[in-house]
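> Fold the following.
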Amino acid sequence: MFNGGRFLKKIRGSVIGLIVVFALLGGVFWSMNQTSIKTPIPTQVEKLKTSVPKNVSTQPPSTIYGPPERVRVEFPSEKYPETAQHFKEAIDNGQPSVCTLDVKRVFENREIALGKVPVKQGTHRSIWPSATCAESREGVDIKYIDPEDDTGAGRWMDKKLWRYPDGTKIEFIFE
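The predicted structure is shown next:
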């Protein structure tokens, strides 16, 4: 009977012993790999394809029917008061309260929206409509606000909007 513990004590500390151990392990993994090649295990996708009738789509509903017509999102005004105040003021001054989600081009939208608006020490430049919206590419309202408020609001929007596809109409509600 093979006693692995005694065997390892004998070869411990020697370079040759390490080579032997790695060679044995390598052989085991190689033989396991060869076995899996001969008898492949179907992946979850393959199982799904075979178990779903051909007339039923496996795509998420948003890709089948397009984005929902309009999603209402309540902005946490009490948590991010400066951002909420800026957004409300911008809407009161003629900016849209509904925007078209355009996350793919958020960095490009932000760059276009801010243009040559200078950076001010200790503040962030808040944009409405948000850079996550297609409408932010022209005629945005920009206000300097507290960086923590702006960053927190941006993170909140990211978490709230990630699930919707580009093209979704988002209506922001401010209480």
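> switch to C-alpha atoms for all contacts and neighbour counts from now on
Noted.
> does Q95 sit in a helix, a strand or a coil?
Secondary structure, DSSP: H, G, I helix; E, B strand; the rest coil: Q95 is coil.
> From what I see, it and P129 are in contact.
Yes: using C-alpha atoms under 8 Å, Q95 is in contact with P129, at 7.1 Å.
> overlap in contacts of these two?
V140, D141 (C-alpha atoms under 8 Å, 6 or more residues apart in numbering).
> If you count surrounding residues, which of those two has more?
Ranked by neighbour count (other C-alpha atoms under 10 Å), Q95 and P129 place P129 first, with 26 against 18.
> Now the more buried one. Nearest residue, chain neighbours left out?
Nearest residue to P129 in three dimensions, chain neighbours excluded: S136, at 5.1 Å (C-alpha to C-alpha, 6 or more residues apart in numbering).
> number of nearby residues for the one you found?
Neighbours around S136, by other C-alpha under 10 Å: 25.
> Show me the shaky parts of this structure.
1-68 (pLDDT under 70).
> Now do the helices in it.
4-11, 15-38, 44-51, 61-65, 81-92, 106-114, 147-161 (DSSP state H).
> quick one: the fifth one to helix 147-161, angle?
In this case it means helix 81-92. 70 degrees (axes from the mean of the first three to the mean of the last three C-alpha atoms, to 10 degrees).
> Just the CA coordinates for helix 81-92, please, in PDB.
Extracted C-alpha coordinates of helix 81-92, given in PDB (Å, rounded to 0.1, in the frame of the first residue of the first chain):
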ATOM      1  CA  PRO A  81     -29.300  68.000  -2.800                       C
ATOM      2  CA  GLU A  82     -27.000  70.100  -4.900                       C
ATOM      3  CA  THR A  83     -27.300  67.800  -7.900                       C
ATOM      4  CA  ALA A  84     -31.100  67.600  -7.500                       C
ATOM      5  CA  GLN A  85     -31.400  71.400  -7.200                       C
ATOM      6  CA  HIS A  86     -29.300  71.900 -10.400                       C
ATOM      7  CA  PHE A  87     -31.300  69.300 -12.300                       C
ATOM      8  CA  LYS A  88     -34.600  70.900 -11.200                       C
ATOM      9  CA  GLU A  89     -33.400  74.400 -12.200                       C
ATOM     10  CA  ALA A  90     -32.200  73.200 -15.600                       C
ATOM     11  CA  ILE A  91     -35.600  71.600 -16.200                       C
ATOM     12  CA  ASP A  92     -37.400  74.800 -15.100                       C
END
